[in-house]
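In: A predicted structure for the sequence below; I have some questions about it.
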Amino acid sequence: DKATSDMLIGPDWAMNMEICDILNHDPGQAKDVVKAIKKRLGNRSPKVQLLALTVLETIVKNCGVAVHQQVAEKDVLHEMVKIVKRKV
C-alpha cells in the first residue's frame, strides 16, 4: 500500500525497486504482491490506479517468470479493462 498511497506526489521508485528486490529474492511472494496490485487497480482514485500501474510495470520489467505467471493468473488485464470502461 505504501507504493500506491494516495498521499504520494508521484511514484516512489525506491519502494518500487525494493518490491522488485523482494520478488527477485523470494519469487513465492509474487502471488501476494500481484493480488495487492490488482486490489489497488480497483481503487476509485485515478492517482492510486496510476501508481498501481507503475508498480505493475516495474515488477513486470524487472522480475522473473513467477511475476509474469501471477499477472496472467490473477487476471490483472481484466481489472485494467474495467478501469477503462468506467472512464468511458
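Out: That came through, no problem.

In: quick one, phi psi at D75?
Out: phi 60, psi 50 (degrees, to the nearest 10).

In: where are the low-confidence patches of this structure?
Out: 87-88 (pLDDT under 70).

In: run the last query once more with 80
Out: Residue ranges of the chain with pLDDT under 80: 74, 86-88.

In: At which residues are the helices of it located?
Out: For the chain, the helices defined by DSSP state H cover 13-25, 30-41, 46-62, 65-73, 76-87.

In: buried sites along stretch 73-86?
Out: K74, V76, E79, M80, I83 (16 or more other CB atoms under 10 Å). C-betas here are computed from N, CA, C, even on glycine.

In: Report the separation between the last one and K74.
Out: Taking CB to CB, to the nearest Å as the criterion, I83 is separated from K74 by 15 Å.

In: try A36
Out: Distance of A36 to K74, given as CB to CB: 10 Å.

In: before we move on, what about A52?
Out: Here the distance between A52 and K74 works out to 13 Å (CB to CB).

In: Could you do P27 as well?
Out: On the measure of CB to CB, P27 and K74 end up 15 Å apart.

In: just H25 next, same as before
Out: 21 Å.
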